[in-house]
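Student: Give me the fold of what follows.
(one chain, ligands or ions: 1)
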Amino acid sequence: MKKKIIVIGSGFAGLAAAIDLADKGYAVTVLEKNEQPGGRARQFTAEGFVFDMGPSWYWMPDVFDQFFARYGKKTGDYYELTRLDPSYQIFFGQNDVMPLPAGRQELSDLFEAVEPGSSANLDRFLKEAAYKYRVGMNEFVHKPGNSIWDFADLRVVSSLFRLQMFQSVSSHIRKLFKNEKLIKLLEFPVLFLGATPEKTPALYSLMNYADLELGTWYPMGGMYRIVEAMVSLAEEKGVNLLLNQEVENVNLTGSNIDRVITRNRDFEADIVVAGADYHHIEQQILPYEYRQYTPEYWDKRTMAPSSLLFYLGVNKRLNGLLHHNLFFDEDFTLHAREIYDTPKWPSKPLFYVCAPSVTDPAVAPGNCENLFVLIPLAPGLEDTEEQREKYFRLVMDRLERLTGQDIVESVIFKRSYAHRDFQQDYHAFKGNAYGLANTLMQTAFLKPKMRSSKVDNLFYAGQLTTPGPGVPPSLISGQVAAGEIKKIFSP
Ligand SMILES: Cc1cc2nc3c(=O)[nH]c(=O)nc-3n(C[C@H](O)[C@H](O)[C@H](O)COP(=O)(O)OP(=O)(O)OC[C@H]3O[C@@H](n4cnc5c(N)ncnc54)[C@H](O)[C@@H]3O)c2cc1C
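Tutor: Next up is the predicted model:
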């Protein structure tokens with residue numbers, strides 16, 4: 001008899017764990033509360049528009065390649081990737097836009113033009129970032145973070161200083177570059193990790209390597225193609241994926257979960273992987289005596305931001321937009337303070353607009369534009385229709401002004417999404433969008449642990465545990481959790 005594994009949640013982490021465990025011979029069932037798999041990366045269609053609901057940046061293509069290669073597959077077996085060039089553009093103000101070329105020489109030329117002499121520093125910066133990427137992505141992220149001893153081998157310890165764990169990415173960048181635009185450009189990628197550049201270790205300039213060297217890619221048809229690929233691989237491996245099965249309870253015998261319970265069914269379990277938000281499973285599903293953290297512990301965590309999103313269908317083509325557009329025309333320090341220090345709805349938010357129809361005609365009807373607008377917000381804010389509408393007007397005014405065209409009157413489809421939806425759809429703690437921030441004190445073994453210390457057969461995966469937020473880390477998280485299970489339980 002094969003051991004029965006129940007995976008809760010079909011996000012990237014849950015699917016990755018399920019695929020790996022089924023591949024190794026366990027009997028795997030995935031229970032997903034929503035009617036569609038993919039978690040935060042779901043997709044919906046409306047009025048002929050196809051909207052990816054969450055991730056839109058396909059970074060670190062090597063992680064996806066390695067994931068599929070483990071099972072003798074290629075990404076090309078499932079989806080077609082396009083490298084974007086320019087990778088994205090940043091609006092610094094009226095008629096002040098910086099497109100980021102994909103080519104390395106063109107990038108050096110851009111740095112030289114903005115800050116004479118800076119291309120030599122860019123070379124140095126990227127060489128260091130390449131080293132961090134190699135060590136970080138080959139060693140660090142694959143460690144479960146059970147304890148400090150995971151990191152105790154000499155090679156890793158001796159590399160800690162070279163990895164610049166103990167200085168911030170912000171000070172690292174500011175030592176090499178003086179121009180504010182270049183600084184903003186280089187600080188932007190760590191925002192994906194959920195904390196400010198001042199609070200993020202310089203290790204994470206590995207994200208700049210991902211951005212500037214490995215490039216920004218797009219799977220034609222949308223990011224949901226990755227989910228479809230993983231579901232197809234899971235099915236090929238024999239994973240039983242059940243939708244509309246919200247886990248409401250677990251039954252324990254001794255210190256083992258032996259049954260996982262949804263509204264209308266009951267599933268036997270030898271091992272459980274919690275791929276749903278860690279806080280939800282730990283604080284809301286597990287009986288009190290089996291919780292390893294307190295509500296105070298969770299309250300003190302630095303959560304990555306939530307977001308206010310707008311999915312917009314526009315009945316004309318727009319000028320001046322690329323696939324990815326960052327609006328950094330306001331003061332980031334103020335916005336960051338209003339996310340992290342004194343959480344409130346922001347006075348002058350920065351925002352991001354994705355227009356995938358610029359690259360992909362399949363995501364919008366002819367002569368239309370598909371827009372996804374994202375405003376990062378503090379988690380835990382009161383989220384009302386009035387606030388959403390106020391911010392819609394605010395960002396659309398800026399978008400119209402900075403791109404010099406009317407847009408609002410051409411919007412034929414509009415859906416908003418924020419804290420309430422993140423809570424309702426994913427049980428997201430404080431309505432977070434991207435999980436737990438990668439601050440120094442929440443990195444590696446300082447994150448909520450992958451293996452429960454109170455329930456012997458319970459493992460966690462996903463963006464609230466190691467290695468952290470983002471699609472590639474969540475994928476890796478599922479694989480690492482599967483690896484931990486294999487070390488302890490035979491199939
Ligand atoms: C708006 C937005 C934009 C983003 N942009 C990017 C980007 O451009 N690039 C990038 O790399 N990353 C991006 N991210 C981050 C990335 O999407 C996430 O880090 C990743 O998808 C998280 O995967 P996960 O498997 O940990 O969690 P999830 O995707 O949340 O999966 C958890 C699953 O568990 C299910 N679940 C919850 N409770 C239960 C229950 N009780 N019973 C059964 N099932 C349950 C949920 O429905 C969900 O399907 C973005 C995220 C958001 C929200």
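Student: could you measure the closest residue to residue 275 other than its chain neighbours against residue 477, distance?
Tutor: Distance criterion Cβ to Cβ, 6 or more residues apart in numbering; nearest residue to residue 275, sequence neighbours excluded, is residue 14 at 2.8 Å. In short, each C-beta sits where N, CA and C put it, glycine included. The gap separating residue 14 from residue 477 is 10 Å, by Cβ to Cβ, to the nearest Å.
Student: cool, and residue 136?
Tutor: From residue 136 over to residue 477 (counting by Cβ to Cβ), the distance is 14 Å.
Student: Those two: which has the busier surroundings?
Tutor: residue 477 (32 against 20; other Cβ atoms under 10 Å).
Student: would you list every one of the helices in the stretch 301-450 of the chain?
Tutor: Secondary structure of the stretch 301-450 of the chain by DSSP state H, counting those that start in this stretch: the helices cover 332-336, 385-403, 419-426.
Student: same for the longest one, what does it pack against?
Tutor: Under the contact criterion of 3 or more Cβ pairs under 8 Å, 6 or more residues apart in numbering; DSSP states H and E, helix 385-403 touches strand 306-314, strand 324-327, strand 351-354, strand 369-377, strand 411-417.
Student: The first one to helix 385-403, inter-axis angle?
Tutor: If you take axes from the mean of the first three to the mean of the last three Cα atoms, to 10 degrees, strand 306-314 sits at 60 degrees to helix 385-403.
Student: right, is strand 306-314 up against the ligand?
Tutor: Yes - shown here: strand 306-314 in contact with the ligand (Cβ under 6 Å from any ligand atom) through 307, 309.
Student: Give me the pLDDT value at residue 152.
Tutor: Listed pLDDT for residue 152 reads 62.
Student: whoops, I mixed them up, residue 414
Tutor: Predicted confidence (pLDDT) for residue 414: 98.
Student: That one pairs with what?
Tutor: residue 312 (DSSP bridges).
Student: thought it was touching residue 311?
Tutor: Yes - counting by Cβ atoms under 8 Å, residue 414 does reach residue 311; the two are 7.3 Å apart.
Student: Between the two, which has more neighbouring residues?
Tutor: residue 311 (19 against 15).
Student: Surely the more buried one touches residue 421?
Tutor: No - Residue 311 lies out of contact with residue 421 (Cβ under 8 Å); the separation is 11.4 Å.
Student: Residue 122 reaches residue 114, doesn't it?
Tutor: No - assessed by Cβ under 8 Å, residue 122 is found out of contact with residue 114, at 10.6 Å.
Student: of those two, who's got more company?
Tutor: Taking neighbours as other Cβ under 10 Å, residue 122 and residue 114 compare with residue 122 leading, 22 against 15.
Student: Leaving out chain neighbours, which residue sits closest to the more buried one?
Tutor: residue 111 (4.9 Å).
Student: Tell me the buried residues in the helix or strand hosting that neighbour?
Tutor: Residue 111 belongs to helix 104-114 when elements are defined using DSSP states H and E. Buried residues in helix 104-114, counted by 16 or more other Cβ atoms under 10 Å: 107, 108, 110, 111.
Student: Tally up the residues packed near the closest residue to residue 309 other than its chain neighbours, please.
Tutor: Take residue 309 and drop its neighbours on the chain: the residue closest to it by Cβ to Cβ, 6+ apart is residue 417, 4.3 Å away. By the measure other Cβ under 10 Å, the count of residues near residue 417 is 21.
Student: Many thanks, I have nothing further to ask.
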